[in-house]
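Colleague: whatever this is, show me its structure:
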Amino acid sequence: MTSETRRLTQFAHGGGCACKIPPGELEEMVKGLTARPWPDLLVGLDDGDDAAAVRTAPGSDDVIISTTDFFTPVVDNAYDWGRIAAVNALSDIYAMGGTPVLAINLLGWPRDVLPAKLASEVLRGGLDACTQAGAPLAGGHSIDDPEPKYGLAVTGVGKESQLLRNSTAQPGNAITLTKPIGVGVLNNRHKATGEIFQQAIDSMTTLNDVASRAALDAGLIAATDVTGFGLLGHLYKMARASGVTAVVNASAVPYLADVRESFAAGFVPGGSRRNLDWVRPHLSAEVDEDELILLADAQTSGGLLLAGELPEGSVPNAAVIGEFVPRGEHVLVVR
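Modeller: From the prediction side, this is the model:
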């Protein structure tokens, strides 16, 4: 098999956001690294939010939102991987209620193993995703790397009065999820078998711009996106930061087609089990272990997780999956 026909996912020890450092390990790593007090820094590392936000000037309502995200191949098609990685990075801006205005490439490439034309396809995918988002993709940085990696650094703009944060959910808010979950399972099966799941690609390449705008129009103030820590992991972070308990109705959580069958066949990312292990001490569950692993499935370029309801029909596939209640014995409850 030549380098041009070898599958991209075979060069990655993990796929997409499932290759993230486990959440508990990451939190220990960055403990104590919060920045000194800056009066115009509105969102930093404190609550593990999706991006940083800083006022453009003292007293201004205008904010700059900054993020970066990159990962190893999640699919074998180079162009699709570029689109997925770019949409995933852009999602952090939307999760904060912002609008992306500039992006730059981050590329690691095994130049002695994989042809340059494949890297060009990755970059073309990223360019097309940014064009769809209305944000210029201007240059970037690349390194010779034994494992291919791609993503973006993205700058966005927004209003302080409209920032969506992961620390502002309130008791009585509905929990709304804007994309079905399960791409981690399907991507794991794709890596093992080469089968292509178009529904997963379509989900991962759908921008969260419509969901973000709908949330702002509805007056919502709390959000995050669902990526490598899974639905339960990101919901735990949101409920913990907000001082509430998240109650999830497991039967209301939407899944992509073929997810449950693939899970039953044994295609489970290791990151999904690590996610569940992380939240388990804070979890009360009335469903079985398999259901919990699915709810903790490590997502790549997932939907937004919102505190509050959206107008019916404003975001295709959006579903109310539970509610936030006053903090109880557990941060997460799954029924």
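
Colleague: what sits against the nearest residue to residue 263 once chain neighbours are set aside?
Modeller: Using Cβ to Cβ, 6 or more residues apart in numbering and skipping the chain neighbours, the partner closest in space to residue 263 is residue 185 (5.1 Å). Where C-beta positions appear, they are placed from N, C-alpha and C, glycine not excepted. Residues near residue 185 by Cβ atoms under 8 Å, 6 or more residues apart in numbering: 259, 262, 263, 267, 268, 269, 272, 294, 297.

Colleague: at 7 Å what do you get?
Modeller: 259, 262, 263, 267, 268, 297 (Cβ atoms under 7 Å, 6 or more residues apart in numbering).

Colleague: do the same with residue 122
Modeller: 78, 81, 82, 150.

Colleague: and which of those residues is nearest to residue 121?
Modeller: residue 78 (3.8 Å; Cβ to Cβ).

Colleague: ok, for the closest one, nearest residue in space, not its chain neighbours?
Modeller: residue 121 (3.8 Å).

Colleague: which is the succeeding secondary structure element to the helix or strand of the chain with the lowest mean pLDDT?
Modeller: Every helix and strand of the chain was ranked by mean pLDDT, DSSP states H and E. The lowest is helix 23-30, at a mean of 67. Next helix or strand after helix 23-30 toward the C-terminus (DSSP states H and E): strand 41-43.

Colleague: partner strands of the helix or strand just after that following strand and their direction?
Modeller: Using DSSP H and E, the helix or strand that follows strand 41-43 in sequence is strand 52-55. Paired strands of strand 52-55, with direction, are strand 41-43 (antiparallel), strand 62-71 (antiparallel) (DSSP bridges).

Colleague: can I get the longest one in CSV, CA atoms only?
Modeller: Extracted in CSV, the C-alpha atoms of strand 62-71 (Å, rounded to 0.1, in the frame of the first residue of the first chain):
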residue,chain,number,x,y,z
ASP,A,62,-17.6,45.2,22.6
VAL,A,63,-15.5,42.1,23.2
ILE,A,64,-12.9,40.1,21.4
ILE,A,65,-13.3,36.3,21.7
SER,A,66,-10.3,34.1,21.1
THR,A,67,-9.9,30.3,20.8
THR,A,68,-7.8,27.5,19.2
ASP,A,69,-8.6,23.9,18.5
PHE,A,70,-6.8,21.2,16.5
PHE,A,71,-6.7,17.4,16.5
